[in-house]
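Trainee: okay, structure incoming, though there's no sequence with it:
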């Protein structure tokens, strides 16, 4: 069912309730870690069914009106093929009279509620993230359209020179052509630039994606759509530290707790970790940095509370090993053995040896 | 003189000193705000000539050796047409025996010293920034080359669909073709995406550049090179707050204090401010946020210490007005009057009325 149709039906339900002199109400899944489980087969955090209901009363009248207004805005965006960021949606509300939002966090929450209510990602509702992020180079043609004419545009990511194709805020309508063998998602822009500079994608027949830290929604959705559409494995190359494991990789692979209603659109269940492991630090005698207090805290958190880590013995083992070694290593640390050691040795060996990956 | 030749000459000077049994020394400009002035005609912070000298003694032997090693690495990079980030350079030093760096800030400082000594930007020495940044869409063809074949590649920024061309870490070798009338540099990715979505560059015959906050070195250098090569005016569209004025715009236009030896490569002297001014907040009745303590502090700092602001009465007036109004406004605040008010009204009016700009 289209977003517009869903919105119309909810609106009709409320209208009918009012005509029947019943109290209208809206229902949405509860958005919190207490309402998710990790399902290995699905591959992402999934909702376990707790709901919250908002009934129209004297106390809820403002939020109720705001929710309906937000749904109206979404319908307008979809109908007109326009977009709005969260921030713009907040400012648009300044013309909603008494229903206007006082601060942006209020309007963000209502938008998240509508997103959860419709069980779609908000990009499908016309709302785009504030931040872009994600650069692409290599064996991929992205198929987009001209905004004015609707004519197809083919963007060849092998023809970007030392630059790259920058992923747009919303990727819902993109299509792909490729004969690449895999996607390599890279933590830092510096490492990405090295692999681009040396045309690594040509040698290894792959698509390079720079995440620039924790991948944005657009970047995660892009990787997911591309991987689904072309049945491509996804390898993730991050620093060897709790942030790389637990924030960058974990978020890309299974999503996050407070956005469980949309994880199914954003997670990349077939992702494999080929970044720096504690064992690599030993095997490659890498230069390290001592773990900071936040790193140690993060490891403890992950091992105690994270359903994904709890599910995988290999990750528990790796985190335990890191805690004992008390050090972390960046992906650039491989440069100790020469700037292009990563291309000549590390990546080819890793990709060949499945046992050196983490799940 | 090429970087390689400069490095060879400095090395020869040291070698000759040693043969003559004189103490060898290295000289570089002092890098601090006390060694700069703002020259309106040049358009950037310029060095006023204070130097620091490093003579080889028992106390300086390690730094001296590290400086020479860093110069050697730079020469290798240039000779081989390779690149290294600051972080990679640090890790490479791990194989320099006693001359290895213990922490990255040490190696960064030595790199900055070499950069200042040669009076070039470090991209010319083969060192690239850690972070990329800067997306481009609109009437521009970027001319780059294939890394393997050296063959020319033309990248057409009108053919990126809803995406964009992502500026590489080093732009030294790029060339351009365009018949655009101006460059519009935009603070937020969200606003950039709106202008791209509605093909604003087509209507107004321009090049859109998303800075994503304070522009990276690569982004600043790209705008500067493009503006120089094609004699294009540069208009800068930021939020109406002290950060947009003093950090984003000021840095783009005149550079920064602690990098004065390279400002001449990175500043964009012909940039004009067409972002949200305090007067716009009044004229457009924009929704605002109260100034935070950091905003008030930033205004005071700018008005007291910043040579660029001190030079321009218009900026002093605007900052004073903001301090009195006690509020700031984001560029998205224009959405109060409709999501595309910025395209239909704000930008056309601003661009037509030179009096509404700030210098």
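Mentor: Okay, I see it. Computed from a prediction, not measured in an experiment: that's the story for all the values here.

Trainee: where in the stretch 151-300 of chain A is pLDDT low?
Mentor: Scanning the stretch 151-300 of chain A for pLDDT under 70 picks out the ranges A:257-259.

Trainee: chain B contacts on that one?
Mentor: Taking C-beta under 8 Å from any C-beta of the partner chain as the contact definition, the stretch 151-300 of chain A meets chain B at A:153, A:155, A:159-170, A:173, A:188-190, A:192-194, A:196-199, A:202, A:210, A:212, A:287. Placement of C-beta: from N, CA and C, glycine included.

Trainee: buried subset of the residues you listed?
Mentor: A:153, A:155, A:159-170, A:188-190, A:192-194, A:196-199, A:210, A:212, A:287 (16 or more other C-beta atoms under 10 Å in any protein chain shown).

Trainee: can you tell me how far residue A:61 is from residue A:55?
Mentor: 11 Å (C-beta to C-beta, to the nearest Å).

Trainee: where strands are concerned, which of the residues of the stretch 151-300 of chain A next to chain B count?
Mentor: Those of these mapping onto strands are A:153, A:155, A:164, A:165, A:166, A:210, per DSSP state E.

Trainee: most widely separated two among the residues you listed?
Mentor: A:153 and A:210 (21.9 Å; C-beta to C-beta).

Trainee: tell me if I'm right that residue A:27 and residue A:51 touch.
Mentor: Yes. Under the criterion of C-beta atoms under 8 Å, residue A:27 makes contact with residue A:51 at 5.6 Å.

Trainee: about what we covered before: need the ones in strands among the residues of the stretch 151-300 of chain A next to chain B in TSV (columns: distance to residue A:246).
Mentor: Formatted as TSV, these follow (distance: C-beta to C-beta, whole Å):
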residue	distance to residue A:246
A:153	38
A:155	33
A:164	27
A:165	29
A:166	27
A:210	20
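
Trainee: give the contact list for the residue in the stretch 201-350 of chain A positioned nearest to chain B.
Mentor: Going by C-beta to the nearest C-beta, chain B is nearest to residue A:335 of the stretch 201-350 of chain A, at 3.9 Å. By C-beta atoms under 8 Å, 6 or more residues apart in numbering or on different chains, the contact list for residue A:335 reads A:341, A:342, B:84, B:87, B:88, B:91, B:92.

Trainee: give me the neighbour count for the spatially closest residue to residue A:187 that is not a sequence neighbour.
Mentor: Spatial nearest neighbour of residue A:187, excluding adjacent residues (C-beta to C-beta, 6 or more residues apart in numbering or on different chains): residue A:238 at 4.0 Å. Neighbour count of residue A:238, defined by other C-beta atoms under 10 Å in any protein chain shown: 25.

Trainee: mind listing what residue A:238 touches?
Mentor: Residue A:238 sits in contact with A:186, A:187, A:244, A:245, A:248, A:249, A:273, A:275, A:276, A:331, where contact means C-beta under 8 Å, 6+ apart.

Trainee: correct me if wrong: the last one contacts residue A:189.
Mentor: Spelled out, that is residue A:331. No. In this structure, residue A:331 is not within contact of residue A:189 by C-beta under 8 Å, at 11.5 Å.

Trainee: ok so, going back, between the contacts of residue A:335, which is nearest residue B:349?
Mentor: Closest approach to residue B:349 among these (C-beta to C-beta): residue B:87, at 45.4 Å.

Trainee: strands - which of the contacts of residue A:335 land there?
Mentor: In this view, those that belong to strands under DSSP E are residue B:84.

Trainee: kindly reformat the contacts of residue A:335 as TSV and extend each row with neighbour count and distance to residue B:136.
Mentor: Shown next, in TSV, are these (neighbours: other C-beta atoms under 10 Å in any protein chain shown; distance: C-beta to C-beta, whole Å):
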residue	neighbour count	distance to residue B:136
A:341	14	33
A:342	24	28
B:84	25	25
B:87	20	26
B:88	26	26
B:91	25	31
B:92	23	32
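
Trainee: out of the contacts of residue A:335, which one has the weakest pLDDT?
Mentor: Within the set of those, pLDDT is lowest for residue B:87 (90).

Trainee: does that residue touch residue A:332 like I think?
Mentor: Yes. Residue B:87 is in contact with residue A:332 according to C-beta under 8 Å; the separation is 4.6 Å.

Trainee: what residues does the stretch 1-150 of chain A have near chain B?
Mentor: Close to chain B, as judged by C-beta under 8 Å from any C-beta, the stretch 1-150 of chain A has residues A:82-85, A:87-88, A:91-92, A:94-95, A:128-133, A:135, A:142, A:144-148.

Trainee: taking the stretch 1-150 of chain A, what residue is nearest to chain B?
Mentor: Nearest to chain B in the stretch 1-150 of chain A, going by C-beta to the nearest C-beta, is residue A:144, at a distance of 2.7 Å.

Trainee: so what's the residue count around that residue?
Mentor: The burial count for residue A:144: 19, using other C-beta under 10 Å.

Trainee: and for residue A:120?
Mentor: Counted by other C-beta under 10 Å, the residues lying close to residue A:120 total 20.

Trainee: check which helix or strand covers it.
Mentor: Of the helices and strands defined by DSSP states H and E, none includes residue A:120.

Trainee: and what of residue A:183?
Mentor: Element membership for residue A:183 (DSSP H and E) is strand A:182-186.

Trainee: contacts for that strand, please.
Mentor: Residues from elsewhere that reach strand A:182-186 (C-beta under 8 Å, 6+ apart): A:192, A:195, A:204, A:206-211, A:215, A:223, A:226-227, A:232-238, A:252, A:271, A:331, A:347, A:351.

Trainee: just the buried residues from those residues, in ChimeraX please.
Mentor: With 16+ other C-beta under 10 Å as the criterion, this ChimeraX line picks the buried residues out of these:
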select /A:192,195,204,206,207,208,209,210,211,215,223,226,227,232,234,235,236,237,238,252,271,331,347,351
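
Trainee: how near is the nearest residue to residue A:54 once chain neighbours are set aside to residue A:251?
Mentor: Sequence neighbours aside, residue A:26 is the residue nearest to residue A:54 in space, at 4.8 Å (criterion: C-beta to C-beta, 6+ apart). Per C-beta to C-beta, residue A:26 is found 29 Å from residue A:251.

Trainee: try residue A:113
Mentor: Relative to residue A:251, residue A:113 is positioned 22 Å away (C-beta to C-beta).

Trainee: which residue does the stretch 151-300 of chain A have closest to chain B?
Mentor: Across the stretch 151-300 of chain A, no residue is closer to chain B than residue A:161, which sits at 2.7 Å (C-beta to the nearest C-beta).

Trainee: how about the contacts made by residue A:314?
Mentor: By C-beta under 8 Å, 6+ apart, the contact list for residue A:314 reads A:358, A:359.
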